[in-house]
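# my questions concern the predicted model and sequence given below.
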Amino acid sequence: MTFKGWRLPVLLILPQALITAVFFFWPAGQAIYQSAFIPDPFGLKSQFVGLGNFEYLFSDPYYLASFKTTAIFSILVTLVSMSVALWLALMADRIIKGSGTYRTFLIWPYAVAPAVAGVLWLFMFNPNVGIASWYLDQIGYDWNHKLNSGQAMWLVVLASSWGRISYNFLFFLAGLQAVPKSVIEAAAIDGAHFWRRFWTIVFPLLSPTTFFLLVVNIVYAFFETFGVIHTITSGGPQQSTTILVYKVFSDGFVGQDLGSSAAQSVVLLVVVGLLTVIQFKFIERRVHY
Amino acid sequence: MKKTLLGTVMALAMGSTAVPATAATEIQWWHAFTGRLGDLLAEQIETFNASQDDYVVVGTHKGNYSEALNAGIAAFRAGEQPHILMVFEVGTATMMSAQGAIKPVYELMKESGAEFDADAYLPPVKGYYTTAEGEMLSLPYNSSTPVLYVNRDALVEAGLDPDMDLTTWEQVDAALDKIKEAGSDCPLTTAWQSWVHLENLSAYHDVPFASKDNGFTGLDTELAFNGPVQVAHIQAMGDWAKDGKFMYAGRRNEGGANFRAGECAFFTESSAGYAGVKAEAEFDFEIRPLPYWSTVEAAPQNTIIGGSSLWVLNGHEAEEYKGVAQFLNFLSSSDVQAKWHQDTGYLPITTAAYEQTKAEGFYDENPGTDIAILQMTGKPTTGNSKGLRLGSFDQIRGIIDEELEAVWTGDKDAQTALDSAVNRGNQLLRRFEQANK
């Protein structure tokens, strides 16, 4: 529909515009402003340094390494949580009896807060007293994520993916149920077996859901996995699990270096903006709506 | 920064334990203690509140040390700061540079006319929290120093004499070999690796941890813990880790669980770990002084403290500060301190509390509990052993932890790791210097 004049349309978008301004533009503007200063923790004095905070950041090899860590972490979390969720959704979609119970159970982990999930996994994999590390020890595998970077990475990836699987499962299941039965039945009559039907019909039809989840999961891995990392590894060992957003926290709230922390948020803002643009420009082209 | 009535009411509603109906002046104390320490702290507050009618101290737990400091800083920025904030020793430089946010203890005592004698405090404890001019800025609260815990049963099992001399690391090394040969998985473990094996190691061997008297005499200090003494020690520990003689359990005091379970023969940990070990250990244990390297002539100098002190924050009424002064004096009185020392294993912060504990016969009944004090007060402190005053030190410790972990796994040799830690830490010190120009 079209509106006459401009008053009503402006009035209608005003609430959303206000919320965006107050909760997004204003804090983002503050971050950009503060990134040009080195303040003392108590806010008593502050030194203008221009782009000094950014220069400092990009000359720090650990900050540059954090980009790579973030990329590996986000890709792994997205891959693990989406593929497991898709597989579970496919299986749950075929179940006829008691499907409600299965689905409820599969959705459950989503209700667990990230920090709690972190503690759960931490207990299981504690190198000294954890049950999982005890079993691993029994089969001759030495587990110590406090010293082994690879193991630490896998542990935070698993813990972060675990709760996320439920969320993805929910969307995949809904997506699967929206695939027209007639198309699948026609293919079945033509003699296409289950996996053939999946790859040629179901998966392409599922692509809007997959694309949506891809975007949402990458954003999740970037920002919301903070609690898990904080409880399990605190970014260690040797910063091998320090993703960008965790570094913002640890520099700002452990190191009290608010200038560097603000500069990092600005960088993060740019990175996520770029990622989203890339996703919509290049991947969305392959999505069939 | 006047407190509004609403603010006071809210603070009351959030943090109060016991609020009498009288119009007593309220004093907020934000701390980081839970469990048994939290109970003992609450008991101190209750005793003080019951002893007079003018002031009511309200203690509020604000998370662990780092979180309590953050909460205090955030509250100050919002103009809602408590009167007293517990800050761990690592945050000392941060607080000290925050002129305008803090009210130095010596000033508080002078203004409120309270009796105060800075010389009553144990010198190494006092030294950590005073300026170069000897003015006390914060009140030492809980202080401890690292000692060596020995599982005597494990020594006997390895065919060693449990009374053997363990004064030097060379002697400990020889014992580790025997214990390893006897099949132990954990001859030695440690808590707080940076604090024990770098910070205290440096002070104990009278070598600098950082230039400018470990940061006491200038913000332009640079880290110096990549010297030959530290490198040799860390390399030795790295070799022990490789040979299975040293088991690394984690950055904090995770190793305590293994030691208390009887898995480990030796454990370097804070003297304040005594209560926990005593409560849980089902084996014969004892406390020995921290070992040193006999090849270093200056050793043993003295060890330095860890723990927290109480900082008074600016922006409150003079009348309230009178109460704060009275409360701080109460906390440092001999009775309170002697009890605190005996209950927790923390050091008595005053000489009088130490003498009182000795007179009560506590050290005879609990052998080894005075080792920490003797180890700290054995010699007059030097520029290298007064303490550490470094900005962003919480983060620098994180860097040291990372680099040490690389040594334990064999990824780096000690020299490379410590050089790298020094370089990375120096960058943080320069940032801190710039922020506090």
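Alright, I've got the coordinates.
# packing partners of the helix ranked longest in chain A?
Using DSSP state H, we find that the single longest helix of chain A is helix A:61-94. Judged by 3 or more C-beta pairs under 8 Å, 6 or more residues apart in numbering or on different chains; DSSP states H and E, the packing partners of helix A:61-94 are helix A:99-107, helix A:149-177, helix A:207-223, helix A:244-249. (Glycine included, C-beta is placed from N, CA and C.)
# give me the contact list for the last one.
Contacting residues not belonging to helix A:244-249 are listed as A:63, A:66-67, A:70, A:222-223, A:225-226, A:229-230, A:235, A:261, A:264-265, A:267-268, A:271 [C-beta atoms under 8 Å, 6 or more residues apart in numbering or on different chains].
# got the CA coordinates for it in CSV?
Output of helix A:244-249 as CSV, limited to C-alpha atoms (Å, rounded to 0.1, in the frame of the first residue of the first chain):
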residue,chain,number,x,y,z
LEU,A,244,37.9,-10.8,19.2
VAL,A,245,34.9,-10.2,21.5
TYR,A,246,36.6,-11.9,24.4
LYS,A,247,39.6,-9.7,23.9
VAL,A,248,37.4,-6.6,24.1
PHE,A,249,36.2,-7.8,27.5
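# any residue of the next helix or strand after that helix up close to chain B?
For helix A:244-249, the following helix or strand on the C-terminal side (DSSP states H and E) is helix A:258-278. Yes. Part of helix A:258-278 sits near chain B under the criterion C-beta under 8 Å from any C-beta of the partner chain, namely A:Gly259, A:Ser260.
# other SSEs contacting helix A:258-278?
Helix A:258-278 packs on helix A:26-34, strand A:37-39, helix A:52-58, helix A:207-223, helix A:244-249, helix B:414-435, going by 3+ C-beta pairs under 8 Å, 6+ apart.
# buried residues in it?
A:Leu258, A:Gly259, A:Ser260, A:Ser261, A:Ala262, A:Ala263, A:Gln264, A:Ser265, A:Val266, A:Val267, A:Leu268, A:Val272 (16 or more other C-beta atoms under 10 Å in any protein chain shown).
# please apply the same query to stretch B:344-356.
For stretch B:344-356, by 16+ other C-beta under 10 Å, it's B:Thr344, B:Gly345, B:Tyr346, B:Leu347, B:Pro348, B:Ile349, B:Thr350, B:Thr351, B:Ala352, B:Ala353, B:Tyr354, B:Gln356.
# show the average pLDDT along it.
When pLDDT is averaged over stretch B:344-356, the result is 91.
# stretch A:223-237 too?
86.
# also stretch B:134-150?
93.
# same check, this time on stretch B:84-91
94.
# do that stretch and chain A meet at all?
No. Using C-beta under 8 Å from any C-beta, stretch B:84-91 never reaches chain A; the gap is at least 8.8 Å.
# neighbours of residue 282, how many?
You didn't say which chain, so I picked chain A. By other C-beta atoms under 10 Å in any protein chain shown, 9 other residues sit near A:Phe282.
# ah, no, chain B please
9.
# cool, A:Ala111 as well?
For A:Ala111, using other C-beta under 10 Å, the count is 9.
# same question, B:Ile84
24.
# tell me the SS of the nearest residue to it once chain neighbours are set aside?
Nearest residue to B:Ile84 in three dimensions, chain neighbours excluded: B:Trp29, at 4.3 Å (C-beta to C-beta, 6 or more residues apart in numbering or on different chains). For B:Trp29, the assignment made with DSSP: H, G, I helix; E, B strand; the rest coil gives strand.
# follow-up on the earlier one: out of the buried residues of helix A:258-278, flag the one nearest to B:Glu43.
A:Leu258 (37.5 Å; C-beta to C-beta).
# tell me the pLDDT at the residue nearest to A:Val202 when sequence neighbours are not counted?
Distances taken as C-beta to C-beta, 6+ apart place A:Val179 nearest to A:Val202, at 5.5 Å, with adjacent residues excluded. If you check A:Val179, the pLDDT there is 89.
# just checking, A:Val179 touches A:Pro204?
No. Contact criterion C-beta atoms under 8 Å: A:Val179 and A:Pro204 do not qualify, at 9.9 Å.
# who has more neighbours, these two?
Per other C-beta under 10 Å, whichever of A:Val179 and A:Pro204 has more neighbours is A:Val179, with 17 against 13.
# phi first, then psi, for that one.
phi -70, psi 120 (degrees, to the nearest 10).
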